[in-house]
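K.L.:
pasting a predicted model and its sequence here:
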Amino acid sequence: MITAGIDMGSRTVKVVFLEELKVAGAPQLKWGVKGKHIMFPDELDIDVSAVKAFEDGMRAAGISRDQVKFVVATGAGRKQVKFASGDVTEVSAGARGAVFMCPTAQTVIDVGAEEGRGVKANAAGKVVDFAGNEKCAAGAGAFAESMSRALQLSLKDFGEASLRSDKSIPMNAQCTVFAESEVVSLIHSATHKEDISKSLLDAVASLVCAMVRRVGIEGEVILIGGMVHNPGFVQSLKVSLGVDHINLPDMPEYISALGAALIATEGAA
């Protein structure tokens, strides 16, 4: 049996297909990833992009529509996925997928393009409490993208540059516009880009940490979303949280789609 989760994010559409695995002697059903797909909708309408991403994902996974028994949608545009059997919030989907990837995790930090959130989850991947960002793009991936452009660095170079600095410059990360002005001023004062990068990512990490502390840090910590790929942010987040280790799962940007597919297995059972 195959189920699917589709995450209609603000920038991308992600699809994950799960396949029931035959595990001898297993007390419960086991599921493995049959396929995954990501698409950038560009100018496509939400409902059109959902269909295209789903069909392209099935084609890449080598499966047909009649093999997919249950589909659950999540993300900002989840209500527009007309072919879905049901939908869940990003918080619920992210927590479920995160705990599936790291069963000992109780503190889930999700930093995507437009939003950041801290979630406390139980052993079953259910949400106990959560808190999200409320101001502009602060505490989210879009802020990091804007700052890397202001520094004329790629996102990869931006994250790596921060690791080469041990300085801390007070930064205003509450608003992208104000932060960009500060970056320009620092560049004109001949401040090294490495130091600016670290200070910016420290500021983002501090905002994210404040959200996480509102729900409490318990058990293992796992980071999901695109900012997993930014090593400078990961390091800044460790320092801000006061932890030695943060779990970084494979396919971090697919975790919410994975969680939706896992929730779909309950409807298909």
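P.N.:
Looks like it arrived, so ask away.

K.L.:
got the contact list for Leu18?
P.N.:
2-5, 31-34, 258, 261-262, 264-265 (C-beta atoms under 8 Å, 6 or more residues apart in numbering). For glycine as for every other residue, the C-beta is placed from the backbone atoms N, C-alpha and C.

K.L.:
so where's the stretch 1-150 of the chain shaky on pLDDT?
P.N.:
Judged by pLDDT under 70, the stretch 1-150 of the chain has its weakly predicted residues at 23-29, 134-139.

K.L.:
the strands in it, which residues?
P.N.:
With strands called from DSSP state E, counting those that start in this stretch, the stretch 1-150 of the chain shows them at 2-8, 13-21, 30-39, 68-74, 86-87, 105-111, 116-121, 127-132.

K.L.:
list the contacts of the shortest one.
P.N.:
Pointing back at strand 86-87 there. Here strand 86-87 makes contact (C-beta under 8 Å, 6+ apart) with Phe70, Val72, Ala73, Thr74, Arg78, Lys79, Val81, Ile263, Ala264, Gly267.

K.L.:
just among those residues, which is most surrounded?
P.N.:
Highest neighbour count within the contacts of strand 86-87, by other C-beta atoms under 10 Å: Thr74, with 31 neighbours.

K.L.:
not counting sequence-adjacent ones, nearest residue to that one?
P.N.:
Ala93 (3.9 Å; C-beta to C-beta, 6 or more residues apart in numbering).

K.L.:
related to what we said a few turns ago, out of the contacts of Leu18, who's the most crowded?
P.N.:
For the contacts of Leu18, neighbours were counted using other C-beta under 10 Å, and Ala261 has the most, 35 neighbours in all.

K.L.:
one step back: closest to Ser165 among the contacts of strand 86-87?
P.N.:
Checking those against Ser165 with C-beta to C-beta, the nearest one is Thr74 at 36.8 Å.

K.L.:
show me the helices in the protein, by range?
P.N.:
For the chain, the helices defined by DSSP state H occupy 46-61, 90-101, 141-150, 155-162, 176-188, 193-215, 231-241, 255-268.

K.L.:
now, which of the contacts of Leu18 sits nearest Ala124?
P.N.:
Leu262 (10.6 Å).

K.L.:
tell me who's in contact with Val128.
P.N.:
Contacts of Val128 by C-beta under 8 Å, 6+ apart are Lys120, Ala121, Asn122, Val215.

K.L.:
burial measure for the third one, as a count.
P.N.:
So that's Asn122. 13.

K.L.:
could you find the closest non-adjacent residue to it?
P.N.:
Closest to Asn122 by C-beta to C-beta, 6+ apart is Val128, at 5.7 Å.
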